[in-house]
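Colleague: sequence and predicted structure are below.
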Amino acid sequence: MAATVRGATMDALLEASDRELAMSSSHPCAQGKDVWTLITNDIDHEKIHIGQVLEGRYESRSTASPMERLLAEWLAERARFIGSLIGLTDAQSNSETAAGQWTYGAIAKHVLTLERHSLKTIAEDQAARAAGR
């Protein structure tokens, strides 16, 4: 399961050890400090630009439609969910979150199954309305 949630950025960061965070970085955004500073700067950098995009959209009166807003919020939650799984080994993914509870992998499968079922239902309901049922 861990391999399915990894992208190039995640692979690069996960290949580095926690010790790497304290190592110096030559990147200008590290501000003469360490890898931790570089990565946290990158995170903050994205947050800054999110604000810039949202302000630009607001000022130009180009706000998201209700469906676009819903999709954006769903994707943000999905990213947080994936983030909660980062670092779990396959063995951990197959272990229960607590005694007698679901496994991490079962939770991930459940989330995806529910999403697929919801989207299938929406499509079926649209088709039924189009057919006049």
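Modeller: Looks like it came in fine.

Colleague: count the neighbours of Ile39 for me.
Modeller: 19 (other CB atoms under 10 Å). Any C-beta I mention is one placed from the backbone N, CA and C, and that applies to glycine too.

Colleague: tell me the buried residues in the host helix or strand of it?
Modeller: Assigned by DSSP states H and E, Ile39 belongs to helix 35-59. Across helix 35-59, burial judged by 16 or more other CB atoms under 10 Å covers 35, 37-39, 41.

Colleague: check the offset of that helix from the chain's centre.
Modeller: Centre-to-centre, helix 35-59 and its host chain are 16 Å apart (CA atoms, centre = their mean, to the nearest Å).

Colleague: which residues are in contact with it?
Modeller: The contact list for helix 35-59 (CB atoms under 8 Å, 6 or more residues apart in numbering) reads 13, 16, 20-25, 27, 29-31, 62-64.

Colleague: ok so, going back, now flag whichever of the buried residues of helix 35-59 is closest to Ala79.
Modeller: Each of the buried residues of helix 35-59 was checked against Ala79 using CB to CB; the closest is Ile39, at 16.3 Å.

Colleague: returning to what we had before: next, the buried residues of the helix or strand following the helix holding Ile39.
Modeller: Once the chain leaves helix 35-59, the next helix or strand it forms, by DSSP H and E, is helix 66-85. Neighbour counts over helix 66-85 (16+ other CB under 10 Å) mark 82, 85 as buried.
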